[in-house]
Every structure is written in C-alpha cells, then in structure tokens.
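>>> build the 3D model from these lines:
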Amino acid sequence: TERRTIRRSGGLAGQAIAIDGLSATSTDMLVRIESLGGATQTERLSPIRTTFVVQVVPGSREVARTYLWLGVEHILFGFDHLLFVLVLVILIRDWRRVALAVTAFTVAHSVTLATATLGLVNVPGPPVEAAIALSIVLVAVEIVNARRGILSLAARWPWLIAFCFGLLHGFGFAGALAEVGMPDHAIPIALLFFNLGVEVGQLAFVA
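Below you'll find the predicted structure:
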C-alpha cells in the first residue's frame with residue numbers, strides 16, 4: 001500500500017493518472033483518490049489499462065463496474081469461501097438442493113456484509129477467519145459421516161447450515177471490502193455490485 005498527498009492548482013479533475021511500467025508486469029492495482037471536497041474515486045488498473053481520468057464525482061456506472069469486478073475477483077481468489085461452497089456441493093448430490101443451499105449462503109452473507117460495511121455491527125477479523133476455517137472442517141466431517149450412512153442435520157437441512165455459516169462468511173467479505181474502501185457518494189451502489197460480483201463468481205464456481 002502506497003499513499004501520496006498531491007497539491008495542484010485547480011485540483012486533479014479531468015487529469016489522467018498513469019502508472020509507469022505497469023504494462024510490463026502481470027500486476028493489477030487498485031487506485032483510490034480522495035479529494036478535499038470528499039469525493040472518492042476507485043479505479044482498478046491492469047497491464048492492459050494503465051491510466052484513467054480523474055472525475056469531479058465518479059458516475060454510478062464507473063462505481064458499479066469497479067466494485068462488480070472486485071466482488072468477482074474476491075470470491076475467485078478467496079479460497080476459504082470457495083472451499084466452503086465446494087464441500088456443500090460434495091455433500092449435496094441433488095442439484096435443486098445445491099441451488100437452495102447456495103442461495104441461503106448468498107442471502108446470509110449479503111446480510112452480514114451490509115451490516116458490517118455500514119458499521120451497524122463490528123466483529124474483529126481474526127475470530128471471523130478462524131470460524132470460517134472451522135465451518136469448512138465441520139461440513140467436511142459431515143461428508144465423511146454421510147459416506148458412512150450417518151445422516152446429520154447438515155445432510156438433512158443443508159440450507160440451514162449454509163445460512164448459518166454464510167453469516168460468518170459475510171463478515172469475511174466485509175473485511176475485504178473495508179480494506180478497499182467505498183465512495184461516500186455511492187455506498188449503496190458499491191455495496192450492491194460488490195455483492196453481485198461475489199454471487200457471479202460463486203455461481204461460476206458452482207457451475
């Protein structure tokens with residue numbers, strides 16, 4: 001993480017920001033600009049998109065696009081969340097029940113993601129990460145029990161287990177979103193599209 005303070009007569013609106021040398025790498029960068037007036041702009045740069053123009057107030061489309069992709073990227077590289085979805089898919093053999101469980105998981109993590117991001121609930125990160133790891137282990141044990149013919153609550157009501165543990169995973173998503181930050185003028189849009197991005201990546205993984 002690198003932070004800089006820039007003073008420029010007339011501000012930065014309308015000016016292009018470029019990252020020198022980025023095109024020669026395989027690295028993506030998240031650039032966040034905060035003006036003294038309170039406007040916030042977040043842009044995702046990559047080797048094929050190394051520059052962007054600073055806006056007075058970023059439009060809803062730019063915010064939606066940026067946070068949608070951030071959500072997709074977070075779930076596809078969030079191996080703990082993907083492992084939990086994977087053990088659900090292995091545990092449940094019927095695709096309709098898989099769809100129900102994944103939907104319950106999505107609804108649950110949407111609730112805690114929103115409440116934690118908006119500051120209504122504050123849960124420390126380390127206990128959440130430990131609980132997420134424990135949720136994977138517990139459902140993995142249920143897979144072993146199911147293979148042995150022992151039907152437990154998770155096997156009979158997987159959507160309930162998915163919902164309960166989804167609440168935990170939502171706090172994990174909120175921690176990642178807190179690191180990125182959100183534009184003050186478009187918090188609902190950023191939150192909505194980050195969540196949609198998580199769901200798109202999750203459905204792609206399940207498929």
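
>>> centre of the chain versus stretch 84-104, how much separation?
Offset of stretch 84-104 from its chain centre (C-alpha atoms, centre = their mean, to the nearest Å): 20 Å.

>>> I'd like the average pLDDT over it.
On average, the pLDDT along stretch 84-104 is 85.

>>> please apply the same query to stretch 121-135.
Stretch 121-135 shows a mean pLDDT of 85.

>>> by mean pLDDT, which helix or strand of the chain comes out lowest?
When the helices and strands of the chain are scored by mean pLDDT, DSSP states H and E, helix 153-156 comes last with a mean of 72.

>>> what residues does that helix touch?
Helix 153-156 is contacted from outside by 91, 138-139, 142, 145-146, 160-161, using C-beta atoms under 8 Å, 6 or more residues apart in numbering. Every residue, glycine included, has its C-beta placed from N, CA and C.

>>> show me where this structure has its strands.
Using DSSP state E, the strands of the chain run over 16-18, 29-34, 40-45, 51-53.

>>> dump the ones you listed into a markdown table; add mean pLDDT as well.
Below are the strands of the chain laid out as a markdown table (pLDDT from 0 to 100):
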| stretch | mean pLDDT |
| --- | --- |
| strand 16-18 | 91 |
| strand 29-34 | 84 |
| strand 40-45 | 82 |
| strand 51-53 | 92 |
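
>>> so who does the nearest residue to Leu76 once chain neighbours are set aside touch?
Closest residue in space to Leu76, ignoring its immediate chain neighbours: Gly201 at 4.7 Å, by C-beta to C-beta, 6 or more residues apart in numbering. Gly201 makes contacts with 71-76, as judged by C-beta under 8 Å, 6+ apart.

>>> out of the residues you listed, who's the most crowded?
Within the contacts of Gly201, neighbour counts (other C-beta atoms under 10 Å) peak at Gly71, which reaches 27 neighbours.
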